[in-house]
Every structure is written in C-alpha cells, then in structure tokens.
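Colleague: build me a structure from this.
(one chain, ligands or ions: 2)
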Amino acid sequence: MLKENLDRIRQYAGDPMNSGPALALSRHLFGNNAGMKQNVYGNLELWNSRRNGPFAEQVGTHPVAQAIDQVGYVKAPWSYPAELIDRMQERFAQNIAIDNVVTQRNRDGGLLNIAARDVLHSMPEVREFLNDELRSVLRSYFGSFVRVYKPDFWRNFHIPEADLVERERYSERWHNDSGKTSILSILILMSDVSEENGPTWCISRPTTRALMKHEYKSRDLTPLENIAEGRAEVIKFVGRRGDAWLLNTRRTLHRAGIPAPGKQRDLLGLKFTPAAGDSDVWDEIPRPEEKQLVWHRYP
Ligand SMILES: O=C(O)CCC(=O)C(=O)O
Ligand SMILES: [Fe+2]
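Modeller: Numbering: from 1, shown residues only. Ligands and ions are numbered 1, 2, ... in the order given. A predicted model of the protein is given here:
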C-alpha cells in the first residue's frame, strides 16, 4: 500500500502534466478530456499563430472559422466533386489490391475496418482537398499557413455485438482525441452516408464541456448511447459523398457510428496545425509533435 502510493507520487512528480489529477483539473479548466498538456500546448500554439501569424488580421472574420471555435464542428459550405471522390476510390482499391492497408477482423474473420494510412504518396490527389475555400477558413482559424498531415482513408463495417463488448474496435466509443487542441480536422465522406452506414456522431463544444462534469466518465466507461440526451442534440455526419465537416476532435466528444449489418462507410480525414513560413506544407511525418509545444517565430 505504502509502496503503491510512493510509486504514484514518483510518477506524478516525474511527469505531473500527464498525471490523473492533471487530467481531472484540465477537464474542469478546459471542458474536454484531451489532457492537460494537450490543452496548454494547443492554446499556446493557437494564441501565438493567431496573434503573430501572417493572417492575424483575418482571425475570427470567417463565419466557418467562428463556428469551429464556438460550436466545435461545422459542415463545410462546399462539397468536393464526385469525380475527385471516384479517383480516391480507385486509389483505395489499388491500395487494397497491393495490401498497402491495415485490416481489422472480428472473431469470425469478418471485416471490421480497412485503413490506408498516410496516403500522401499512395493517393496523390489528396492534395486537391486543400482548395481555396478550405484555405481561407484555415487562415482565418489559425492566422497562419498550415501543416497538413496524417491523411487517412478508412472503411468501417458492422461490429457484431460480441466483438463490441470485449474492447473498442475502431473509434466507436465516446472520446476526445489526444494530441494538442490546436489540431483541426476535416472529415470528408468518401461514400454516401445515411444513418445505417454508421455516420460519425459529434457533440458540440459547449455540451462537451457540460458533460465533463458528470455524464462523461472515460472512453471505456461511458455508454455508447446518446450521452447528451435531454441536453442537446447529437449531430451525425450524414450526407452525400464529397460532403465534409471541419471539427476540433480534442474539444468535441465524438465517436464512429456503427454501420448496420452488411453496410459500410468510407471516410477521408486530414489534420491541420499552424505552420511558420509563407506557404502551406504537406507533412511527410505521420504525427508531427502531436503532444509537444511548437513555438513558431512568425516573420
Ligand atoms: O470514424 C469515425 O467516424 C470517427 C473517427 C475518429 O474518432 C477520429 O478520427 O478521431
Ligand atoms: Fe476521434
């Protein structure tokens, strides 16, 4: 008992920002479950880029950027052309054919998930998703140019009940992603998605904050149902292929929906952080300093 407590104290003392008490305090202070370091570093990075970045005077002027800050997510007011989605689907099929994907199966060998990760080279058309409209939202959000990284394309299938209870299979449990809160994501539908295809579920930033007090326990201890019941709506990202949502997955509780038996759902995700310098960059590194503070010196 004494030893256990001593071990715990040593652990906190060695890395206090990563301790249980720090997580509890950060939930109270920041209204999400991303972590103390993640919030402190993320806020500092955003503060720096918004204040000193080359587009500082545009910060907060774009209604889409405002909505991401206030609501936590927003449907993009543009859609990507079907022809671009078709080319991405061809690339995904090629990646599957040469086994350049990560596959998860259930106990009976049935498919749960297929993911093509870091597709910058295997799906070069991914660069076309950073269009002028997205660029102007990002400049107003960050005040700077952006690093785009971790472009992933994944396909989810139904999860049988028995596989569901044992452990999490893809991201079907309510969570905030870890990593700095300065990271912004875009999720783009690569197939038509209705309720039965298992859309992403998302809870707004203010409601996420409210749920941190009581209802939300942890990723593994919170039921899959609508935990915002009676407080607010759970938004489901249903739409046509090419539709997209911008969201801060550190500040909004979200989860993958589960496709009905025999149904599936395809999604492309990209992540953005502020970049120094005078152009947007596509980063080759899968997870650039996701949990570290990067203090850019802007010109
Ligand atoms: O697949 C989904 O709908 C959600 C995935 C997710 O939680 C994430 O990318 O952070
Ligand atoms: Fe997530």
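
Colleague: tell me the contacts of the closest residue to residue 184 other than its chain neighbours?
Modeller: Once flanking residues are discounted, residue 184 sits nearest to residue 272: 4.6 Å by CB to CB, 6 or more residues apart in numbering. The C-beta positions use only the backbone N, C-alpha and C, and glycine is treated the same way. Residues in contact with residue 272 (CB atoms under 8 Å, 6 or more residues apart in numbering) are 138, 142, 146-149, 183-186.

Colleague: same thing with residue 285?
Modeller: residue 149.

Colleague: tell me the SS of the residue nearest to residue 184?
Modeller: In three-state terms, and counting by DSSP: H, G, I helix; E, B strand; the rest coil, residue 272 is strand.

Colleague: gap between it and ligand 2?
Modeller: Going from residue 272 to ligand 2 by CB to the ion, to the nearest Å gives 15 Å.

Colleague: so is stretch 200-214 next to ligand 1?
Modeller: Yes. With CB under 6 Å from any ligand atom as the criterion, ligand 1 is reached by stretch 200-214 at residue 200.

Colleague: which residues in the stretch 1-150 of the chain form helices?
Modeller: Using DSSP state H, counting those that start in this stretch, the helices of the stretch 1-150 of the chain run over residues 2-14, 20-30, 36-52, 63-70, 82-97, 132-142.

Colleague: of all these, which one is nearest residue 219?
Modeller: For the helices of the stretch 1-150 of the chain, the distance to residue 219 is smallest for helix 20-30, at 12.0 Å, taking CB to CB.

Colleague: list the buried residues for the closest one?
Modeller: Neighbour-count burial for helix 20-30, counted by 16 or more other CB atoms under 10 Å, picks out 22-23, 26-27, 30.

Colleague: out of the contacts of residue 272, which end up buried?
Modeller: For the contacts of residue 272, buried by 16+ other CB under 10 Å: 138, 142, 146-149, 183-186.

Colleague: what does the stretch 151-299 of the chain put close to ligand 2?
Modeller: 171, 177, 249 (CB under 5 Å from the ion).

Colleague: of the residues you listed, closest to residue 66?
Modeller: residue 249 (18.3 Å).

Colleague: tell me how far the nearest residue to the closest one once chain neighbours are set aside lies from residue 216.
Modeller: Once flanking residues are discounted, residue 249 sits nearest to residue 177: 4.2 Å by CB to CB, 6+ apart. According to CB to CB, to the nearest Å, residue 177 and residue 216 sit 14 Å apart.

Colleague: list the buried residues of stretch 208-215.
Modeller: 208-212, 215.

Colleague: over to stretch 281-292?
Modeller: 283, 288, 290.

Colleague: the second one touches residue 271, doesn't it?
Modeller: It refers to residue 288. No. Residue 288 lies out of contact with residue 271 (CB atoms under 8 Å); the separation is 9.3 Å.

Colleague: which residues are common contacts for the two?
Modeller: What both residue 288 and residue 271 touch, as defined by CB under 8 Å, 6+ apart, is the set residue 149.

Colleague: get me the contact residues on the stretch 101-250 of the chain for ligand 1.
Modeller: 171, 177, 200, 249.

Colleague: can you do 8 Å?
Modeller: 152, 154, 156, 170-171, 175, 177, 185, 187, 198-201, 237, 249 (CB under 8 Å from any ligand atom).

Colleague: tally of neighbours for the nearest residue to residue 180 once chain neighbours are set aside?
Modeller: Closest residue to residue 180 apart from its sequence neighbours, by CB to CB, 6+ apart: residue 42 at 3.8 Å. Look at residue 42: counted by other CB atoms under 10 Å, it has 24 neighbours.

Colleague: what's the spacing between the residue most central in space within the chain and residue 174?
Modeller: Among the residues of the chain, the one closest to the centroid is residue 249, at 4.1 Å (CA atoms, centre = their mean). Using CB to CB, one gets 12 Å for the distance from residue 249 to residue 174.

Colleague: who does the lowest-mean-pLDDT helix or strand in the chain touch, helix- and strand-wise?
Modeller: The helix or strand of the chain with the poorest confidence is helix 2-14; it has a mean of 72 (mean pLDDT, DSSP states H and E). Secondary-structure packing of helix 2-14 (3 or more CB pairs under 8 Å, 6 or more residues apart in numbering; DSSP states H and E): helix 20-30.

Colleague: let me see the mean pLDDT of the helix it packs on.
Modeller: Mean pLDDT, helix 20-30: 95.

Colleague: mind checking how far that helix is from the chain centre?
Modeller: 20 Å (CA atoms, centre = their mean, to the nearest Å).

Colleague: just name whatever secondary elements it is in contact with.
Modeller: Helix 20-30 packs on helix 2-14, helix 36-52, going by 3+ CB pairs under 8 Å, 6+ apart.

Colleague: that concludes my questions; thank you for your assistance.
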